[in-house]
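*Asks:* Test case, fold it:
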Amino acid sequence: MNDCTIIIKHLREAANPANVAGMARFGINSDNTLGVSIPALREIARAHRKQHPLALELWQTGIHEARILASMVADPGQVTPELMDRWTSEFDSWDTCDQVCANLWEKTPYAYEKALEWSRAEGEFIKRAGFVLMARLAVGNKMVSDAGLAEFLPHLLRGAADERNLVKKAVNWALRQIGKRSIALNALAITTGEEMTTLNNKAARWIAADALRELRSEAVQNRLSGKSATL
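*Replies:* So this is what the prediction gives:
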């Protein structure tokens, strides 16, 4: 048996129907899902880092956990824009979307351009991926400048009008993370949030109220006041 077959066998043996039911309550797609935990997947991934052909095989199985595992063992250096588009078009659950963005997409040289491109897409999971990537780049990628992150803000303002739950929560996440990157971005994010409050849209008003509460909070302001204001 090859590595993919062995891993799938192990995942099926570790299947937990009770976990699947619990995941479903959190809006995770239960189709082709085994209920194997993320820590268990990370443990498997440790022995297979950057085994890109294995990642491609795992993804092709269509199994929920195998696809998340694929994002953990793939080699970012071998990821192409075409692969990113193909996998992202096949997302069928918000946790797969978020895990792939965090484990793999944000580590590629195409993350910034894909964040912008996908944020303009129609599909709910593709659009979410665009905004999740914006949030992830604000948190974990110091190669993206404040000015680069500021370019995301008009796209967040546009995306705030999308009332689909998975999209609006991703827009909210991105706005909050960008606004916590620096004092300069905080001011710009607050301005963007205030613009959202003027939109005649329930989703936009929810995003703004939730994000502004955090971005204006004493804790965030005190933390950012000790940083240099850059843009």
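*Asks:* The chain - how does it break down into domains?
*Replies:* If you go by automatic domain parsing, the domain ranges for the chain are 1-109, 111-231.
*Asks:* ok, residue 168 - contacts?
*Replies:* Neighbour list for residue 168: 160, 162, 203, 206, 207 [criterion: C-beta atoms under 8 Å, 6 or more residues apart in numbering]. Every C-beta, even on glycine, is put in place using the N, C-alpha and C of the backbone.
*Asks:* mind saving the C-alpha coords of the helix or strand hosting it as CSV?
*Replies:* Assessed by DSSP states H and E, residue 168 sits inside helix 165-179. These are the backbone C-alpha positions of helix 165-179, laid out as CSV (Å, rounded to 0.1, in the frame of the first residue of the first chain):
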residue,chain,number,x,y,z
ASN,A,165,-23.3,34.2,6.7
LEU,A,166,-20.0,32.7,5.7
VAL,A,167,-19.0,35.8,3.7
LYS,A,168,-20.1,38.4,6.2
LYS,A,169,-18.2,36.7,9.0
ALA,A,170,-15.1,36.5,6.9
VAL,A,171,-15.4,40.2,6.0
ASN,A,172,-15.7,41.0,9.7
TRP,A,173,-12.7,38.9,10.6
ALA,A,174,-10.5,40.6,7.9
LEU,A,175,-11.6,44.1,9.0
ARG,A,176,-10.8,43.3,12.6
GLN,A,177,-7.4,41.8,11.9
ILE,A,178,-6.3,44.6,9.5
GLY,A,179,-7.4,47.1,12.1
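*Asks:* buried stuff in the worst-scoring helix or strand of the chain on mean pLDDT?
*Replies:* The helix or strand of the chain with the poorest confidence is helix 17-25; it has a mean of 89 (mean pLDDT, DSSP states H and E). By 16 or more other C-beta atoms under 10 Å, the buried positions in helix 17-25 come out as 19, 20, 23.
*Asks:* Then stretch 80-99?
*Replies:* 83-85, 87-88, 91, 93-99.
*Asks:* got these as TSV, with pLDDT, secondary structure and distance to residue 55 columns?
*Replies:* Output for the buried residues of stretch 80-99, formatted as TSV (pLDDT from 0 to 100; DSSP: H, G, I helix; E, B strand; the rest coil; distance: C-beta to C-beta, whole Å):
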residue	pLDDT	secondary structure	distance to residue 55
83	98	helix	10
84	98	helix	13
85	98	helix	16
87	98	helix	10
88	98	helix	15
91	97	coil	16
93	95	coil	18
94	97	helix	21
95	96	helix	18
96	97	helix	14
97	98	helix	17
98	98	helix	17
99	98	helix	13
